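S.K.: Any chance you can model this:
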Amino acid sequence: MRLTKIRRRKTEAASTGPLAPPEYRPCDEAQAITRPFSPLIGEMLALYCHTRPIGALSQSEACPEEYRVTARQIIQHILEGWTNQTGGQGTIDDLLLEPRHRS
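M.R.: Next up, the predicted model:
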């Protein structure tokens, strides 16, 4: 019986305690906007939401090698998806905002 009372007190304390302060969470935003889309587009939108603060974070942290390795892995995943979407014909140049033209 003692264990039941202890568990009940912990549960009651947890449920009646104040909620954590609201914080911006990109996942919540992505979940709200991805409902009408496919899982693929949902993941792309989640990636977009998660990467928005990278510019600001990079101003206060210095880890260029780790950044480069991780960025390359992310880009590789995106390129793999693009290649699949285009039947093997897509290239990284297709995905750049302003493709570089060879002179």
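
S.K.: Show the backbone phi and psi for P64.
M.R.: phi -60, psi -40 (degrees, to the nearest 10).

S.K.: Determine the number of other residues adjacent to it.
M.R.: Look at P64: counted by other Cβ atoms under 10 Å, it has 9 neighbours. C-beta here means a position set from N, CA and C on the backbone, and glycine is covered the same way.

S.K.: go on, L79?
M.R.: With other Cβ under 10 Å as criterion, L79 counts 15.

S.K.: same thing with the one 10 residues further on?
M.R.: Q89 has 9 neighbours, counted by other Cβ under 10 Å.

S.K.: can you pull the pLDDT of it?
M.R.: If you check Q89, the pLDDT there is 95.

S.K.: so it, which of the three states?
M.R.: Recorded secondary structure, Q89: coil (DSSP: H, G, I helix; E, B strand; the rest coil).

S.K.: which residues does it contact?
M.R.: T83 (Cβ atoms under 8 Å, 6 or more residues apart in numbering).

S.K.: May I have the helix or strand hosting L45 exported as CSV, CA atoms only?
M.R.: Here L45, judged by DSSP states H and E, is contained in helix 39-51. The C-alpha trace of helix 39-51 is given here as CSV (Å, rounded to 0.1, in the frame of the first residue of the first chain):
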residue,chain,number,x,y,z
PRO,A,39,5.8,12.0,-45.9
LEU,A,40,8.6,13.0,-48.2
ILE,A,41,7.5,16.7,-48.4
GLY,A,42,6.8,16.6,-44.7
GLU,A,43,10.4,15.6,-44.0
MET,A,44,11.7,18.3,-46.4
LEU,A,45,9.6,20.9,-44.6
ALA,A,46,10.8,19.7,-41.2
LEU,A,47,14.4,20.0,-42.5
TYR,A,48,13.6,23.5,-43.7
CYS,A,49,12.2,24.5,-40.3
HIS,A,50,15.2,23.0,-38.4
THR,A,51,17.8,24.7,-40.6
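
S.K.: Against which helices or strands is it packed?
M.R.: The contact analysis (3 or more Cβ pairs under 8 Å, 6 or more residues apart in numbering; DSSP states H and E) places helix 39-51 against helix 26-34, helix 64-85.
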